[in-house]
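S.K.: next come a sequence and a model predicted from it.
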Amino acid sequence: MTALVLALVIPWAVGAVLVLLDGERPVVGWVAVGAVAANVAALVVLAADVLSGGPVVVGTGEWPPGVGITLRADALGVLFAALSSLMLLAALVHEVVGAVRERAFPGLTVLLTAGLTGVFLTGDVFNFYVFFELAMTASYILATYGGARRELGAALVFMLVNLFGTFVFVLSVAGVYHLTGTLDMAILAERVRAVEPATGVVIAAGFFIAFSVKLGLFPFHFWLPTVYTRARPAVAAILSGSLANIGAYGMLRFGGELLAQELRYAATVLILIGCASIIYGGVLAVSRRTASEMLAYSAIGQVGYVLVAVGVGGPAGFAAAILYTVVNAVNKTMLFMTVRMRGPLVGAIFVVGALSVAGIPPAVGFAGKLELFRAVADEPALIVLFFLGSALSFVYVFQVYQYDFWREKREDPVRAWPQQVVAAVLALAVLAAGLWPEPLLALSRDAADVLRGGGG
Amino acid sequence: MKLILALTVASLFGTGAYLLLNRDLVRVVLGIVIVSQASVLTLVASGLTRGDAPIEPRRGREISDPLSQAMALTAIVIGLAVTALLLIVVLRVARAYRTEQLSEVAETETERDARLEREAAASHADEEAAAR
């Protein structure tokens, strides 16, 4: 319980102070790193509690249960919170050991950590929206990081699209409250079963649109390449490695647990949209020559796998979706970090990331793909499609590798050893998890068990 | 009452979505504001009971649902903050691109991207020729 409160309060308080200070000074940057690290530590302790003793529930403000807002940490929430905070920590360290160029960056990253932790650990639908908006507001400002024309234009597009998505989310929250009379996720999951499916599907569609916009799935992807290619690498890493997790988490929590019945009705649609994403992202990524553009389209393709796995559903499908989200977040954070660096070590890191994206051992991407294949084992069409998607990703990552690392460089390679070390640590983690994937597999199955309990 | 609220929300949302598709950046911001109002109104309308204001209930009269009003208040505050932020970004974009038209911003960027693409393609072709 203490760990849950600390994980939220530390980044919140520290972030609020840090945004007032000059973040370009290294001290402020390192305090921010310390705050995010403390958040990660608290989340690890919390995860240990949750995995051994079941979900941790805290009622805020000492209100009686059922009245106050609850914070609830279960295996799924804690896994996503720890993953997002870790990726934020990596991106923050990467930027701080280089040079922070804007005073608000460290403070906003810490506030983003607070927002994301809250999103994943809240047990209340409206509270989810509040934390969601906290995280989004921090990331809107982060997207302007750099302050040049390109970043500003991208940030504007990012804000407009995501604000629209957020308001659609609020509409669905209002609908859910009107139908069930509660905002508490645990009570809501029970009461929503009595709701007429035709009404439920409309509300579920609202949630689906809100989270698809966040994930950048095929018909809602139009903003994503602009933003990911124009933002600075550290910001792109944060957006794709941490913020996009909200989308996957929302699909799992709202689809898998709260609106399980509606999810089953819409399963075919989800699988079709996911397939469209895989093909669209893969084909466009092959046609791109720069690493950042390739990664942006690859992000569209990779979330397609997650959506297909959610659509297939069941313990195997949800576990595969969770595992693949974890794998994808680490891959994208690591690869976006390498975008503006060159050198032999960076090349090696890029290869590890490339293997992981394509799903080839010994990288952890292989374990992710294997789980996906296992989840769709009964559907030959989906197996063919996954294979095609993997082949496309193999082509696009190694094409860019060849183009960026094999040819003679005209310009001087950027040598930033400390930054390279950060990316190398992630690469080692990818390799280690690929060689010994059992803990990660067990974690994702535990997280998927949460959904089975609620969905019934 | 339900029908009136539903129609109001629908027309607000429609107006907002239409403005959002506009090319003028200020109108786009207005579109976002109107869409946010549509969602706030939906929150108010989603209340389970109708009656007196919950802060001063009269005896024997039903009170309106306080929770949906609390949600609406929160949404209004968040909407205000986000609108202010959005206006600042629009101001900075308008200064950086010296225009308030979204289409001109997009054009400038498309031209730049096309130029980069051509350069990359040219250097690619050079290298392939050299390799042969």
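M.R.: Nice, I can see it. Residues are numbered from 1 along each chain as shown, chains lettered A, B, ... in the order given.

S.K.: give me the number of residues near residue 41?
M.R.: Unless you meant another one, I'm taking chain A. Summarising burial for residue A:41: neighbours were counted as other C-beta atoms under 10 Å in any protein chain shown, giving 15. Every C-beta, even on glycine, is put in place using the N, C-alpha and C of the backbone.

S.K.: wrong chain, I was asking about chain B
M.R.: The tally of other residues near residue B:41 (other C-beta under 10 Å) stands at 20.

S.K.: also the one 10 residues further on?
M.R.: The local packing of residue B:51 (other C-beta under 10 Å) involves 13 other residues.

S.K.: ok, it to chain A distance?
M.R.: Computed with C-beta to the nearest C-beta, to the nearest Å, the distance linking residue B:51 and chain A is 16 Å.

S.K.: residues contacting the closest residue to that residue other than its chain neighbours?
M.R.: Leaving aside its sequence neighbours, residue B:51 sits nearest to residue B:62 (C-beta to C-beta, 6 or more residues apart in numbering or on different chains; 3.6 Å). Residue B:62 is in contact with B:49-52, counting by C-beta atoms under 8 Å, 6 or more residues apart in numbering or on different chains.

S.K.: Throw those into TSV and include pLDDT and secondary structure, thanks.
M.R.: Rendered in TSV, the data for the contacts of residue B:62 read as follows (pLDDT from 0 to 100; DSSP: H, G, I helix; E, B strand; the rest coil):
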residue	pLDDT	secondary structure
B:49	79	coil
B:50	79	coil
B:51	79	coil
B:52	79	strand
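
S.K.: and these, which is closest to chain A?
M.R.: Comparing those against chain A with C-beta to the nearest C-beta picks out residue B:49 as the nearest, at 10.0 Å.

S.K.: I'd assumed residue B:67 was in contact with the closest one.
M.R.: No: assessed by C-beta atoms under 8 Å, residue B:49 is found out of contact with residue B:67, at 10.1 Å.

S.K.: quick one: buried residues of stretch B:106-125?
M.R.: B:108-109 (16 or more other C-beta atoms under 10 Å in any protein chain shown).

S.K.: just stretch A:244-264 next, same as before
M.R.: Using 16+ other C-beta under 10 Å as the burial criterion, the residues of stretch A:244-264 that qualify are A:244-263.

S.K.: which parts of chain B are helices?
M.R.: Using DSSP state H, the helices found in chain B span residues B:2-20, B:25-45, B:66-97, B:102-131.

S.K.: state the three-state secondary structure for residue A:288.
M.R.: coil (DSSP: H, G, I helix; E, B strand; the rest coil).

S.K.: what residues does it make contact with?
M.R.: Under the contact definition (C-beta under 8 Å, 6+ apart), the residues listed for residue A:288 are A:294, A:297, A:396, A:400.

S.K.: any idea how far it is from residue B:102?
M.R.: When distance is defined by C-beta to C-beta, to the nearest Å, residue A:288 is 24 Å away from residue B:102.

S.K.: which one's more surrounded, residue B:49 and residue B:67?
M.R.: Neighbours were tallied for residue B:49 and for residue B:67 using other C-beta under 10 Å; the higher tally belongs to residue B:67 (18 against 11).

S.K.: how about the more buried one, what does it touch?
M.R.: Residue B:67 makes contact with A:177, A:183, B:47 under the criterion C-beta under 8 Å, 6+ apart.

S.K.: which of those scores worst on pLDDT?
M.R.: Lowest in pLDDT among the contacts of residue B:67 is residue B:47, which has 83.

S.K.: can you list the weak-confidence ranges in chain A?
M.R.: Low-confidence segments of chain A, defined by pLDDT under 70, span residues A:408-415, A:453-456.

S.K.: look up how far residue A:73 lies from residue A:102.
M.R.: The separation that residue A:102 has from residue A:73, given C-beta to C-beta, amounts to 33 Å.

S.K.: between these two, who's got more neighbours?
M.R.: When residue A:102 and residue A:73 are compared for neighbours, residue A:73 comes out ahead with 26 against 17, by other C-beta under 10 Å.

S.K.: find the nearest non-adjacent residue to the more buried one, please.
M.R.: Spatial nearest neighbour of residue A:73, excluding adjacent residues (C-beta to C-beta, 6+ apart): residue A:56 at 4.5 Å.

S.K.: now the one you found: phi and psi?
M.R.: Note on residue A:56: its backbone torsions stand at phi -100, psi 130 [degrees, to the nearest 10].

S.K.: domains in chain B, by residue range?
M.R.: With automatic domain parsing serving as the domain definition, the record reports that chain B contains domains spanning B:2-100, B:102-132.

S.K.: distance between the ends of the first one?
M.R.: The reference is to domain B:2-100. When the termini of domain B:2-100 are compared using C-alpha to C-alpha, to the nearest Å, they are 39 Å apart.

S.K.: show me where chain A has strands.
M.R.: Chain-ordered strands for chain A, with DSSP state E as the definition, fall at A:56-59, A:70-73.

S.K.: many thanks, have a good one.
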